[in-house]
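# Following is a predicted model, sequence given first.
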Protein chains: 2
Amino acid sequence: MMSSKIEFCKLDYIKEKIRSINSDLILVIADLNVWSHYSKLLPLMNIEGKKVVFWKAPDGEKVKDFENLSSAIEFFLSKNVHRKAHLVSLGGGATSDFSGMVAALLLRGIEWSTIPTTLLSMVDAGIGGKVAINSPQGKNLIGAFYHPTNIWICDSFLETLDEREWSSGAGEIVKYGFLSKEIGEKIIPDVDIKTLIKSCVLYKEEVVANDFKESGERKKLNFGHTFGHAIEVEYQIPHGLAVVWGILLVDILFNEGKLIPRAKELIENLKIELGDSPWLNKEFPVDKIMKYLRKDKKTTSSELIEFVVVKDIGNVEFHSISFNEVENKLIENKDVIRKLTI
Amino acid sequence: MMSSKIEFCKLDYIKEKIRSINSDLILVIADLNVWSHYSKLLPLMNIEGKKVVFWKAPDGEKVKDFENLSSAIEFFLSKNVHRKAHLVSLGGGATSDFSGMVAALLLRGIEWSTIPTTLLSMVDAGIGGKVAINSPQGKNLIGAFYHPTNIWICDSFLETLDEREWSSGAGEIVKYGFLSKEIGEKIIPDVDIKTLIKSCVLYKEEVVANDFKESGERKKLNFGHTFGHAIEVEYQIPHGLAVVWGILLVDILFNEGKLIPRAKELIENLKIELGDSPWLNKEFPVDKIMKYLRKDKKTTSSELIEFVVVKDIGNVEFHSISFNEVENKLIENKDVIRKLTI
């Protein structure tokens, strides 16, 4: 299956959606934190006519390792899972990344559906079938392409998001604002977030449908992510914020910083609390960042790495350059980078 | 990719084949035992113009667990693997099952090729893109569908096979002899094994090409495997021999044992040392076998399991029946089963 069925629905309807799945066995992977807020509003333990098996996922990225993967898979196998079983993921991007891996590997693949509960996963991680766990060597280095059957987006979950999570999700919307002129134009002060989510989802779905395995066009969705992943791990900051810093760095290195004023506008309109750069007035850690880059999935040989560069809104280029060149560019621009702030 | 390029080639040519792969980084997973025999004849450590990274796999099925999967993947990641890296598997079915999992998950999938070194993997496990590791709950319960780019079949490896390994591979050929009239007719006394390997490979490739994800026709390749897997684990006997016993059991339960005389002929012509059944003159362990069956991937709901039944050579049916019915059939036929011998 090359695409998912995406529906926007009220919290109350989700149980009905699950009830209508054609399977007698529902496996649920729920983020512990989400479950502590929503177990009463969304009573998934009992679904008429189904056996429901529950695995609670440690909060956030922590779940995405081999130990948890093995433990969840063995747990479901011990419950006599069969090929027509259907897995439901309830949580943010980490939970759906992880759940998709479990679904992909259980009995060589069972169907799954996801209920993204963070802004970030609604506009990005929940969509497109990229699933993964992390390695000590870097984020998402172990994974698969495995589309969920259904994505149920329910904006009630946004009510319990804190500001940090909001900013993280909105950071990913900044990316869309650069890739798509149409989305960029919608990011006005006091924009309705539901409208924006829909636009981002539809945009991503279209890009993914055209290039499921990321051999071409889909790669543009990685805009800001090469530096972003490195920054996220190095400074332990939320994904979406790290992506914003990644976008700014790429723009400085490959586009003379021309898009920085526009980035500032988008950040303000989306009410993102970006704060100072983690390296403000310190030395940007070129060596460490280069180490992360060398482990990045986007490298295509032992010598080259590919960057997504937005020259102007909606005008995307791919630059394959050597690691040495990247390093030189970082060193050349180190003063600008050190002082970078929004 | 929905199929592999299959080539029959001399041992001497394999290195040249690898040299011609379009990648600067070759990852090799080699079965320790095979490597101890062939490291001189097949010096894969040094390939002109390539960086080669080696991971040696514990002998046989032992490699197929999460611990080894994690260890091989982390090892390759620590060597700065990139998306265009190409993995080469050298070994039997266990090695290629495992290597395919590594290739499938590394950076969400890199290309791989396999050099099957046992008769069993040449006619079966190496072909068709089914890759897996084992669970304490059963064999191959954790896996994916991930086709190798190349399969290089080189019959020199058969020279170092012992009788047990020979019989195990030939057991899988018995299966083909029932599924395909054409192959069945080729299994005459003193048949040339190379001819048989080719016929089996071409047959399997065709079936797989028509039904990669095993939703229809491909399922017939599971003939004998439902009971076979259970017997293999319960009695720790080689896969191919367990499949032969599985075929005989299915024939007793679903076909009044009509094909047993033909099975006897095939077994003799292929010089398979089947020996007595592991339960001869003892009680067939119905309860234990039923436990394995309930964990089998081929179950399609919590109540039903699907059996492949060959009514007559080339005439295949699928029977979905309840676990209770299977159990009753085993009990009804327990005297025939106890005395079963070839």
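Cool, got the structure. Residues are numbered from 1 along each chain as shown, chains lettered A, B, ... in the order given.
# going forward, measure contacts between C-alpha atoms and count neighbours the same way
Fine.
# Near chain B, which residues of chain A are found?
Remark: the part of chain A in contact with chain B comprises A:23-25, A:66, A:70, A:73-74, A:77-78, A:80-85, A:104-109, A:132, A:135-137, A:140-145, A:294-302, using CA under 8 Å from any CA of the partner chain.
# Report the buried members of the residues you listed.
Neighbour counting over these (16 or more other CA atoms under 10 Å in any protein chain shown) leaves A:23-25, A:66, A:70, A:73-74, A:77, A:80-85, A:104-109, A:132, A:135, A:137, A:140-145, A:294-302 as the buried ones.
# Out of these, list just those in helices.
A:66, A:70, A:73, A:74, A:77, A:104, A:105, A:294 (DSSP state H).
# now the strands for the stretch 101-250 of chain A?
Using DSSP state E, counting those that start in this stretch, the strands found in the stretch 101-250 of chain A span residues A:111-116, A:130-135, A:138-145, A:150-153.
# correct me, but residue A:186 touches residue A:198?
No. Using CA atoms under 8 Å as the test, residue A:186 is too far from residue A:198 to be in contact (11.4 Å).
# who's more crowded, those two?
More neighbours surround residue A:198 than the other of residue A:186 and residue A:198, with 17 against 14 (other CA atoms under 10 Å in any protein chain shown).
# list the contacts for the closest residue to that one other than its chain neighbours?
Excluding the flanking residues, the one nearest residue A:198 by CA to CA, 6 or more residues apart in numbering or on different chains is residue A:123, at 8.0 Å. By CA atoms under 8 Å, 6 or more residues apart in numbering or on different chains, the contact set of residue A:123 is A:169, A:172, A:173, A:197, A:198, A:200, A:201.
# Let me see the contact set for the first one.
By that I understand residue A:169. Counting by CA under 8 Å, 6+ apart, residue A:169 has contacts A:118, A:119, A:120, A:121, A:123, A:240.
# Tell me how far it lies from residue A:116.
For residue A:169, the distance to residue A:116 (CA to CA, to the nearest Å) stands at 12 Å.
# swap in the last one?
According to CA to CA, residue A:201 stands 12 Å off from residue A:116.
# can you list residues touching both of these two?
The overlap between the contact sets of residue A:201 and residue A:116 (CA under 8 Å, 6+ apart) consists of residue A:122.
# The two: who's more crowded?
residue A:116 (28 against 20).
# beta partners for the more buried one?
residue A:91 (DSSP bridges).
# how close does it sit to residue B:327?
From residue A:116 over to residue B:327 the distance is 43 Å, taken as CA to CA.
# Then residue A:319?
63 Å.
# domain assignment for chain A?
A:5-159, A:163-339 (automatic domain parsing).
# Out of these, which one sits most buried?
domain A:5-159 (a mean of 21; mean count of other CA atoms under 10 Å in any protein chain shown).
# Endpoints of that one, how far apart?
Domain A:5-159: ends 24 Å apart by CA to CA.
# distance between the host helix or strand of residue A:264 and the chain's centre?
Using DSSP states H and E, residue A:264 sits in helix A:260-269. Centroid separation for helix A:260-269 versus its chain: 21 Å, with CA atoms, centre = their mean, to the nearest Å.
# Are we agreed that residue A:40 is in a strand?
No. According to DSSP: H, G, I helix; E, B strand; the rest coil, residue A:40 belongs to no strand; its state is coil.
# give me phi/psi at it?
phi -80, psi -40 (degrees, to the nearest 10).
# Quick check, pLDDT for it.
As summarised for this prediction, residue A:40 has a pLDDT of 88.
# quick one, what contacts it?
With CA under 8 Å, 6+ apart, residue A:40 has no contacts at all.
# tell me the contacts of the closest residue to residue A:227 other than its chain neighbours?
Spatial nearest neighbour of residue A:227, excluding adjacent residues (CA to CA, 6+ apart): residue A:246 at 4.7 Å. Residues in contact with residue A:246 (CA under 8 Å, 6+ apart) are A:224, A:225, A:226, A:227, A:228, A:231.
# of all those, which two lie farthest apart?
A:224 and A:231 (10.5 Å; CA to CA).
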